[in-house]
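*Asks:* need a 3D model of the sequence below.
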Amino acid sequence: MLDTSRWSEVELDVLKEIQLDPKNVRLEVTDAKVEADIIEDLFVNENALGLVEGICKVGYLTHEIPVVLKRRGKYVMVEGNRRLAALKAIQNPMLVPDYQARVNALAASLPDRSTLSRVRVMIAPNQTEADQLIAAIHTGNLRRPWSPSRQAAFFQAQIDADRKLPELLTRYPTIDVRRFVFRAHIINLFRSIHYDDAELQDFLATKRWAKGLSTLARIYESKEFLALTGLRMDPDGNLTKSIPDAVFKHLAATIIRGMYHDNINTRSLNSVSSPRYTQLMRELRQIVNDGGEQASPGPTTPTTGTSPDEGGDQPTTGRGSSTTPTSTTDTSGPEGPPTGAPPPTGTNPPPRPPAKKKSRHLDLGQIKAPTGYPEALKLLLGELSEIDVRKYPNTTFLVIRALLEKSIKAYADAKSISIKGSGNNQKGYVQLKQALDWLLDHVKANGPTHLIQVIDGVRTGRLVTYTNSGDALNAINHNHHFLVDPDQAFSMWSSINSIMRFVMKP
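*Replies:* Below you'll find the model as predicted:
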């Protein structure tokens, strides 16, 4: 077992007593023998200049001691070559002519650069043990990297300890502090909301939520989301937004619900042009545009000509009522007030909650064409996600039919199977019916068995309503008298959703 506690330590001059290792695995120039070539390679390919900046701004960190090995009577750095290259450049910027001015500018901030002219190192007893240490450090993953949420939590803890953003920027000059603090604020904003759905509230306490923060980052880091919400961080590190809290709550619930049901994830949001990202931004834009209509109703305000600031209870103006105060005389009989009479003060029925808006687009969150599928199919999928079903139900129905047939054919191609060769063809052609017939036979033979009834239902129409059947899909394409409404288009998509998810994963 490797035991570095018995390795001796010594302090050496970085320019005169230690050489860079020509066998360093970092080097792009594998045959470099001249130290000038080695240091140049480390600056060009390993960002040694960034280490110079860190040392000059933060200081030389001694928690990890470099390791040297004696070869032919000379000390060679076997672990810590980037650090040595940076220290050599600070002492003599002319060693890296292409970076000389930048190194000089950074080193000028040091009170005394000579304090970095010597470095404490460990001496490895031999190459074998040195190699064991290097392998353990660089390939053994002994140090667990912080997750994005943990990185953000570190800086949020600094903010919570009353440290201001400007102070943190000074304290950690080489770290993207703004990004981490902004991330912490966003996470806290989503977690601070009291969601109406208990399952969403519970979700925020799970490991799955914590692991899904990279998905959240893909949303809140996008220019479209930031423009939509107005989220920004001021110079003092305070988070602001341009939309009301109630609207943001509805917007946040939409995102969290998608993460909870796993149709919003890093796969479905793999780019800003992906169907699910496009659909999500459309949904969020609709929420913001609707404003208070989507938020919970607040206190009711008088509907008479009296301003609510004038105070007092005012009767509600409505059909059969007037703004004139009603008499205090009880005119109601044993059966209650006469028809058309205003209800007694304080007994107005509660306002009716706003009707839930119907979706206008198909949910394609779990439908993503594999890389090897034809571009034409991917383009059709993207176009389908853009169609307003409420406005264009028949166009939607047509595209669903085309997408289903093409997806089954692409699935068969991915399996290197010829649908035509399987006997499922009509006069040499494979159309939707033949594609569904083949898929049914394929699933019966290979599984999953739960799709058998689904495919057969769509294929024959026996198990579902007519407009969910393959015959209806053909009718929309060929029968010039056949039409559908938006709800039928949504219903058709629901009936084939499990089929589409299956053929999209060959």
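*Asks:* mind checking which helix or strand residue 289 is in?
*Replies:* helix 275-290 (DSSP states H and E).
*Asks:* show me where the stretch 201-350 of the chain has its strands.
*Replies:* Secondary structure of the stretch 201-350 of the chain by DSSP state E, counting those that start in this stretch: the strands cover 232-233, 239-240.
*Asks:* take those and write them to JSON lines, including distance to residue 287 and mean pLDDT.
*Replies:* (Each C-beta comes from the backbone N, C-alpha and C, glycine too.) Formatted as JSON lines, those follow (distance: least, Cβ to Cβ, whole Å; pLDDT from 0 to 100):
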{"stretch": "strand 232-233", "distance to residue 287": "19", "mean pLDDT": "91"}
{"stretch": "strand 239-240", "distance to residue 287": "19", "mean pLDDT": "91"}
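*Asks:* what's the most buried one of those?
*Replies:* Most buried of these, by mean neighbour count (mean count of other Cβ atoms under 10 Å): strand 232-233, with a mean of 14.
*Asks:* can you list contacts of it?
*Replies:* 165, 178, 181, 182, 185, 226, 239, 240, 241 (Cβ atoms under 8 Å, 6 or more residues apart in numbering).
*Asks:* please apply the same query to stretch 371-383.
*Replies:* With Cβ under 8 Å, 6+ apart, stretch 371-383 has contacts from 273, 275, 278, 364, 367, 369, 399, 402-403, 406-407, 410, 414, 504.
*Asks:* in strands only, show me those.
*Replies:* In strands, defined here by DSSP state E, there are no members of these.
*Asks:* would you turn those residues into JSON lines with pLDDT, neighbour count and distance to residue 382?
*Replies:* JSON lines is the format used below for those (pLDDT from 0 to 100; neighbours: other Cβ atoms under 10 Å; distance: Cβ to Cβ, whole Å):
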{"residue": "273", "pLDDT": "79", "neighbour count": "8", "distance to residue 382": "7"}
{"residue": "275", "pLDDT": "80", "neighbour count": "22", "distance to residue 382": "5"}
{"residue": "278", "pLDDT": "85", "neighbour count": "18", "distance to residue 382": "7"}
{"residue": "364", "pLDDT": "80", "neighbour count": "22", "distance to residue 382": "9"}
{"residue": "367", "pLDDT": "82", "neighbour count": "22", "distance to residue 382": "11"}
{"residue": "369", "pLDDT": "85", "neighbour count": "21", "distance to residue 382": "9"}
{"residue": "399", "pLDDT": "93", "neighbour count": "18", "distance to residue 382": "11"}
{"residue": "402", "pLDDT": "92", "neighbour count": "16", "distance to residue 382": "13"}
{"residue": "403", "pLDDT": "92", "neighbour count": "21", "distance to residue 382": "11"}
{"residue": "406", "pLDDT": "93", "neighbour count": "20", "distance to residue 382": "13"}
{"residue": "407", "pLDDT": "93", "neighbour count": "24", "distance to residue 382": "14"}
{"residue": "410", "pLDDT": "94", "neighbour count": "21", "distance to residue 382": "15"}
{"residue": "414", "pLDDT": "92", "neighbour count": "14", "distance to residue 382": "19"}
{"residue": "504", "pLDDT": "90", "neighbour count": "18", "distance to residue 382": "14"}
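*Asks:* run through the stretch 351-500 of the chain and note the low-pLDDT ranges.
*Replies:* 351-357, 461-467 (pLDDT under 70).
*Asks:* okay, now the domains of the protein?
*Replies:* Domain segmentation of the chain under automatic domain parsing yields 4-139, 148-293, 375-503.
*Asks:* in JSON lines, list the ones you listed along with distance to residue 358.
*Replies:* Putting the domains of the chain into JSON lines (distance: least, Cβ to Cβ, whole Å) gives the following:
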{"stretch": "domain 4-139", "distance to residue 358": "53"}
{"stretch": "domain 148-293", "distance to residue 358": "11"}
{"stretch": "domain 375-503", "distance to residue 358": "7"}
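*Asks:* gap between the helix holding residue 289 and the chain center?
*Replies:* Distance of helix 275-290 from the chain centroid (Cα atoms, centre = their mean, to the nearest Å) equals 15 Å.
*Asks:* residue 212: which of the strands of the stretch 201-350 of the chain is closest?
*Replies:* Smallest distance to residue 212 across the strands of the stretch 201-350 of the chain (Cβ to Cβ): 20.6 Å, for strand 239-240.
*Asks:* how far is the closest one from where the chain is centred?
*Replies:* The answer for strand 239-240 is 20 Å, by Cα atoms, centre = their mean.
*Asks:* switch the strands of the stretch 201-350 of the chain over to CSV; also include distance to residue 68.
*Replies:* Output for those, formatted as CSV (distance: least, Cβ to Cβ, whole Å):
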stretch, distance to residue 68
strand 232-233, 45
strand 239-240, 48
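*Asks:* for residue 451, which of those is the nearest?
*Replies:* strand 239-240 (46.7 Å).
*Asks:* what does that closest one rub up against?
*Replies:* 182, 185, 186, 189, 230, 231, 232, 233, 234.
*Asks:* on that earlier part again, okay, and which of the contacts of stretch 371-383 map to helices?
*Replies:* Among the contacts of stretch 371-383, the ones falling in helices (DSSP state H) are 275, 278, 399, 402, 403, 406, 407, 410, 414.
*Asks:* find the pair from those residues with maximum spatial separation.
*Replies:* 278 and 414 (25.0 Å).
*Asks:* what residues sit buried inside the helix holding residue 289?
*Replies:* 275, 276, 277, 278, 279, 280, 281, 283, 284, 286, 287, 288 (16 or more other Cβ atoms under 10 Å).
*Asks:* ok, so of those, who is nearest residue 123?
*Replies:* Out of the buried residues of helix 275-290, the member with the shortest distance to residue 123 (by Cβ to Cβ) is residue 277, at 54.7 Å.
*Asks:* which residues are in contact with the closest one?
*Replies:* Counting by Cβ under 8 Å, 6+ apart, residue 277 touches 218, 222, 268, 269, 271.
*Asks:* try 6 Å this time
*Replies:* Contacts for residue 277 were tallied using Cβ atoms under 6 Å, 6 or more residues apart in numbering; they are residue 269.
*Asks:* ok, residue 8 next?
*Replies:* Applying Cβ under 6 Å, 6+ apart, the residues near residue 8 are residue 123.
*Asks:* try it again with 8 Å
*Replies:* By Cβ under 8 Å, 6+ apart, residue 8 lies in contact with 122, 123.
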